[in-house]
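>>> predicted model and sequence follow; I will ask about them next.
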Amino acid sequence: MKLQRYLYSQLAITFFPIFFGLFFITAVIFLVKISALTAIITVNFFELFRIFSYTIPDIIFYTMPISFFISMVITLSKLSSEYELTVITSFGLNPFKILKIFLPLTLLLTLLLLVVSVGLIPKTDFERKQFVNIKKNEANFNIKSGEFGQKFGDWLIFINDKKNNLYEDVKLLKVQKDNDQFVISKNAVLENDNGVLSIRLDEGKAFLIDKEEFNQINYEAMYINDSISTAKTTVFTTTYDYWKNNIKNKVDLDDLTFFILTSFFPLMSLFLVITFGYFNPRYEKNRAIMYSLISIVLYYVLIKSIGDKIFLHTLYIIPILWLSGTYFLYSKTIKKEY
């Protein structure tokens, strides 16, 4: 028990700095993505924080498995470099027994990751999309005058002047594969019809351009709908029903397999922890971090390359391949020595 407490304390010293560092970096990336919404809707600081809070389960899920795996490897490699594992082994505790010490904590982490990924993330993603849709349906759009690159649905929009809901000298551009559309209007008004947003254009011209023809249409009034706001919203009841319907309709199965396999990554990589963590500092260099990063990249490439093709079958194919490969590596290196 004393050894278990000691190993866990050493693991905690390593884990928390790595986890919070990765958490901060990932949070910044998510915040940058969220801030792009301000080009479409107007939100205050508290609403921006609310949207960010919906992404916290995603951030935890993406950072915790990697942090935990690397922390276990670093903990053992540090003990190896300071000859502490040599002393522990001399008392009859072989590497497999050390692995068993980390097993309960790794199982607990795996269950936590499954709850976060399969249970929380679908719900928080739905709540985030619902909140953004509500803001869109309030027609509280942040279309500013004199700025290029603003979007309304599939259209790029530029307005010369804005007075309340009245836009003056409006230009819209829609670039497609087969043809382009360019619309100019003297005046435009943003309208909200039961959550369906549209712009009413008055007194203008529309140009339809393709490879063979160039057409011009003069109009008195024209309506352009926001394709985002008119999209249907899925009703979310429970997480169980969500995944049940997805499996039945074969929708987002790659997400399900990714969530499950990523949650099991630390548990299925315990043989790698022992393999990378144990080394003789007299004759070997400490390459534990490099090996850990390579194995993480390899595992995620394996999930994405196979998971996107055979979906649910990856739930037994990848664990078999990964456990077989990691145990083979363990048996050919550490098991022989100890």
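Thanks, I have it. Numbering: from 1, shown residues only.
>>> okay, which residue is most central for this protein?
Computing the C-alpha centroid of the chain and ranking residues by Cα atoms, centre = their mean puts D58 first, at 5.8 Å.
>>> now that one: how far from I274?
Going from D58 to I274 by Cβ to Cβ, to the nearest Å gives 30 Å. Where C-beta positions appear, they are placed from N, C-alpha and C, glycine not excepted.
>>> quick one: low-confidence ranges for the stretch 201-338 of the chain?
Applying pLDDT under 70 to the stretch 201-338 of the chain flags the ranges 226-235, 338.
>>> go with 90
Low-confidence regions of the stretch 201-338 of the chain, defined here as pLDDT under 90, cover residues 201-203, 206-217, 219-254, 278-288, 304-315, 332-338.
>>> in stretch 269-289, what's buried?
Within stretch 269-289, the residues that qualify as buried are 269-279, 286, 288, counting by 16 or more other Cβ atoms under 10 Å.
>>> now those residues in CSV, with distance to S80 and secondary structure?
Formatted as CSV, the entries for the buried residues of stretch 269-289 read as follows, by distance: Cβ to Cβ, whole Å; DSSP: H, G, I helix; E, B strand; the rest coil:
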residue, distance to S80, secondary structure
S269, 18, coil
L270, 16, helix
F271, 16, helix
L272, 15, helix
V273, 12, helix
I274, 11, helix
T275, 12, helix
F276, 10, helix
G277, 6, helix
Y278, 6, coil
F279, 5, coil
N286, 8, coil
A288, 8, helix
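>>> which one of those sits closest to L31?
The shortest gap between L31 and any of the buried residues of stretch 269-289 belongs to S269, at 29.9 Å (Cβ to Cβ).
>>> right, and the closest one touches L323 too?
No: with contact defined as Cβ atoms under 8 Å, S269 does not count as touching L323 (9.2 Å).
>>> and L113, how many neighbours does it have?
Counted with other Cβ atoms under 10 Å, residues neighbouring L113 total 23.
>>> distance of I317 from I303?
Plainly put, I317 is 11 Å away from I303 if you go by Cβ to Cβ.
>>> who has more neighbours, these two?
Neighbours were counted for I317 and for I303 using other Cβ under 10 Å; I303 has more, 20 against 14.
>>> let me see the contact set for the residue lying closest to that one once chain neighbours are set aside.
Distances taken as Cβ to Cβ, 6 or more residues apart in numbering put L261 closest to I303, at 5.2 Å, once the chain neighbours are dropped. Taking Cβ atoms under 8 Å, 6 or more residues apart in numbering as the contact definition, L261 lies against I303, G307, T314, L315, I318, P319.
>>> what of L329?
Residues F271, L272, T275 are the ones in contact with L329 under the rule Cβ under 8 Å, 6+ apart.
>>> what ranges do the helices span in this protein?
Along the chain, the stretches classed as helices by DSSP state H are 2-35, 45-53, 56-81, 84-90, 95-114, 121-137, 239-249, 253-263, 265-268, 270-277, 288-310, 314-332, 334-337.
>>> for I184, find the nearest of these.
Among these, the nearest to I184 by Cβ to Cβ is helix 121-137 (25.0 Å).
>>> render the CA-only coordinates of the closest one in CSV, please.
Output for helix 121-137, consisting of C-alpha atoms alone and laid out as CSV, is shown next (Å, rounded to 0.1, in the frame of the first residue of the first chain):
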residue,chain,number,x,y,z
ILE,A,121,-20.4,15.4,-25.3
PRO,A,122,-23.5,14.6,-27.4
LYS,A,123,-25.7,16.6,-24.9
THR,A,124,-23.4,19.6,-24.6
ASP,A,125,-22.8,19.7,-28.4
PHE,A,126,-26.6,19.8,-28.8
GLU,A,127,-27.0,22.5,-26.2
ARG,A,128,-24.3,24.6,-27.8
LYS,A,129,-25.9,24.3,-31.3
GLN,A,130,-29.3,25.1,-29.8
PHE,A,131,-28.0,28.2,-28.1
VAL,A,132,-26.3,29.5,-31.2
ASN,A,133,-29.5,28.8,-33.2
ILE,A,134,-31.6,30.8,-30.7
LYS,A,135,-29.2,33.7,-31.1
LYS,A,136,-29.5,33.5,-34.8
ASN,A,137,-33.3,33.4,-34.6
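>>> I'd like to know which of the contacts of L261 are buried.
For the contacts of L261, burial is judged from neighbour counts taken by 16+ other Cβ under 10 Å, and it is met by I303, G307, T314, I318.
>>> now the second one: how far from L315?
Shown here: G307 relative to L315, a distance of 9 Å by Cβ to Cβ.
>>> for M290, same thing?
Counting by Cβ to Cβ, the separation of M290 from L315 is 29 Å.
>>> one more: I184?
55 Å.
>>> OK, contacts around R50?
Contact criterion Cβ under 8 Å, 6+ apart gives F131 as the residues in contact with R50.
>>> burial measure for the spatially closest residue to L293 that is not a sequence neighbour, as a count.
Residue nearest to L293 in three dimensions, not counting chain neighbours: I70, with 7.8 Å by Cβ to Cβ, 6+ apart. Using other Cβ under 10 Å as the criterion, I70 is surrounded by 24 other residues.
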